[in-house]
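> Sequence first, predicted coordinates after that:
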Amino acid sequence: MPKVVVVGGGWAGTAAAVAAKKAGAREVILFERTDMLLGTGLVGGIMRNNGRWTATEEAIAMGGGDLFKIADRVSRHKNIDFPGHKHASLYDVALIEPAIKRYLIDMGIDVRINNRVTDIKMKDQRVIAVKTSEHNYEEADVFVDCTGSAGPMNNCIEYGNGCVMCIYRCPTFGPRVSIVEKAGIKEIIGKKGDGTIGAMSGSCKLHKESIAEDIVKELNEKGVVVVPIPRDLIDEGKLGIKACQQYALKEYAENIILLDTGHAKLMVPFMPLDKLRKVPGFENARYEDPYAGGIGNSMRYMGMAPRDNYLKVKGLDNVFCAGEKAGLLVGHTEACITGTLAGHNAVRLALGKELLEIPDTLAIGDAIAYVNTQMQDEVGRTRKYTFSGSVYFERMKEKNLYTTDLDEIKKRVEDAGLTNVFANPVTAAVVD
C-alpha cells in the first residue's frame, strides 16, 4: 500500500490526510509549518451556511464527512441566520483544533507540526521527496499540496496594506513554500474585481472583553449581533477587495455584524480602529486577529495550481492539490471537500486505479469543475466562488443543486454510485 505526504495542515490538508488514510494508505504524513493545524480555520468558524449545508451532507453521504461531524460537535450555535445567510453553524475556534488533531493522531496519521517543507527532490515529472526545516528528506509515492495561496509577508506588503501579523504568522514560522512552484509549474494568480492582484481575507476577530456588555450578552445568546454604523463612517469600497464575496452585501458596509465563534468575529476585512471606536458599544474595541486589523488583512489567492477535475496537478505525475491551492473556491467547507477528493485520489493513483471525478449532478462535483473552467478566463479569475453565496451559490440554485432535504441529497449521491465511496479502502488494480 502507498505512502502519502500531505504538505499544509489547514482544513484541506487535514481532510486530505484523513481521506488518504481511509482509502488505505499504509502511511500518511502531514507536515504543518506552524504549531497548530487548521490555518484560517483557527479564526474562521462558519459552517453549513446556505449551499454549504448541501455540500456538507453530500460529503457525509459519500463517507467523507469526518471533519464536518467534529465541527458540528464543537459548534457554539446551530441553525442561525445572519444577513445573506441561513441555517449556519458557528464552531468554537478554541476547541476545533485540538479536536481535529486528536482525531488525526487516533487514526494513525503522522502529524508533524513545527515542520516547514522548504524544498523538493524530483525525477522527471515526479516529486520523490520533500525537504523539511529539520533538513531531512521524506520520500513518498504521492504528494498533496495544501500549502494555500496566502503569504509570505512581501505579498501582503506589496499587494495589501502591509503585514498585519495574522493567523498565518509568517514572521514566526516562515513563509509557505509551494510544492507546485518548486516543481517548476507556473501557478495561477487571482485578482480583485478592479484587476489588481490577490484578494483580502474577509473578517477580523475582536476581544469580547473590549465590547459593551449588552452587545456581548446578545452575541453569546443569539450567535449574531447587527449594530448600525453611523452614516459618516460607512465605507462600501472595502466590500470589493474581500476574498469572501458572499459577504459583499450592503448590510456589511452599513452595519457592524458580529458572529460568535468564541471570540467576536467582525465580518469586514478591516476597519480603522479610530472609526470602529466611534460606533456605540465599541469605544474600547481591540483587535485580536489580525493584530493590525484596523489597517488590513492577509492577501490570498497569490498562487494556485493548474489542475484537472481529479485535483491532480497538470504537468506532474504524482502531485495533487486542494484548498486554495486548487483554485478560487473560498471557505472551510470548500477546503474540506477538495482535500477529501485529493487525498482519496492520491491513493487511487498509487494503486493504479482509475481516478475519481465527482459528477456535476452533485454540488461538489459541479463546483470543482466549474471553478476549473473559470480559472482559465481573465474575468473568471477576478471572481471568487463559494457554496455560501455570490456567483457559485446563484449557480447552485439555477441548477437546482441547493437543497436542505437530506433524503434528496442521499438519493443524489446514491444515484451517482458514490455512497460511502470515501469510507472504504481502495483495492489495488489487477494487472494481467
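That came through, no problem.

> So for residue 255, what's the nearest residue that isn't a sequence neighbour?
residue 226 (5.0 Å; CB to CB, 6 or more residues apart in numbering). From N, CA and C alone the C-beta is placed, and that goes for glycine too.

> Let me see the backbone angles for the one you found.
Torsion angles at residue 226 (phi, psi; degrees, to the nearest 10) stand at phi -120, psi 120.

> Ok, residue 43 next?
phi -130, psi 0.

> so what's residue 8 up against?
Going by CB atoms under 8 Å, 6 or more residues apart in numbering, residue 8 touches 31, 32, 39, 145, 146, 147, 148, 176, 323, 325.

> Can you pull out the low-pLDDT segments for the stretch 101-250 of the chain?
By pLDDT under 70, the weakly predicted segments of the stretch 101-250 of the chain are 235-249.

> Run through the helices of it in chain order.
153-159, 170-173, 179-182, 213-222, 250-254 (DSSP state H, counting those that start in this stretch).

> Just list what the third one packs against, helices and strands only.
Helices and strands touching helix 179-182, by 3 or more CB pairs under 8 Å, 6 or more residues apart in numbering; DSSP states H and E, are strand 117-123, strand 142-145, strand 319-321.

> same deal with the fourth one?
Helices and strands touching helix 213-222, by 3+ CB pairs under 8 Å, 6+ apart, are strand 224-228, strand 255-260.

> thinking again about what came up before, quick one: residues contacting the residue nearest to residue 255.
By CB under 8 Å, 6+ apart, the contact list for residue 226 reads 82, 83, 251, 255, 256, 257, 258.

> who wins for most neighbours among the residues you listed?
residue 258 (27 neighbours; other CB atoms under 10 Å).

> ok, that residue touching residue 271?
No - counting by CB atoms under 8 Å, residue 258 does not reach residue 271; the two are 12.0 Å apart.

> Just the C-alphas of stretch 337-349, formatted as CSV.
Output of stretch 337-349 as CSV, limited to C-alpha atoms (Å, rounded to 0.1, in the frame of the first residue of the first chain):
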residue,chain,number,x,y,z
ILE,A,337,-14.2,18.7,0.1
THR,A,338,-11.3,19.3,-2.2
GLY,A,339,-8.9,17.9,0.4
THR,A,340,-11.0,14.7,0.7
LEU,A,341,-11.1,14.2,-3.1
ALA,A,342,-7.3,14.9,-3.4
GLY,A,343,-6.3,12.5,-0.6
HIS,A,344,-8.6,9.8,-1.9
ASN,A,345,-7.3,10.1,-5.5
ALA,A,346,-3.7,10.1,-4.3
VAL,A,347,-4.2,6.5,-3.1
ARG,A,348,-6.0,5.6,-6.3
LEU,A,349,-3.2,6.9,-8.4
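
> how distant is it from the center of its chain?
16 Å (CA atoms, centre = their mean, to the nearest Å).

> buried sites along it?
Under the neighbour-count criterion of 16 or more other CB atoms under 10 Å, stretch 337-349 has 337-349 buried.

> hmm, back to that, turn the helices and strands packed on helix 213-222 into CSV, including distance to residue 1.
Below are the helices and strands packed on helix 213-222 laid out as CSV (distance: least, CB to CB, whole Å):
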stretch, distance to residue 1
strand 224-228, 46
strand 255-260, 42
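
> Which stretch among those strands approaches residue 9 most closely?
Residue 9 lies closest to strand 255-260 among those, at 24.2 Å (CB to CB).

> okay, the angle between the closest one and strand 224-228?
Here the directions of strand 255-260 and strand 224-228 differ by 160 degrees (axes from the mean of the first three to the mean of the last three CA atoms, to 10 degrees).

> and strand 255-260, what other elements does it pack with?
With 3+ CB pairs under 8 Å, 6+ apart as the test, strand 255-260 has strand 75-82, helix 213-222, strand 224-228, strand 264-266 packed against it.

> So what touches the longest one?
With CB under 8 Å, 6+ apart as the test, helix 213-222 has contacts from 77, 80, 208, 211, 225, 227, 258, 260, 264, 281.

> That one: which residues count as buried?
By neighbour count with 16+ other CB under 10 Å, helix 213-222 contains the buried residues 215, 216, 218, 219.

> what's near enough to touch residue 43?
93, 167, 203, 205, 261, 263, 265, 289.
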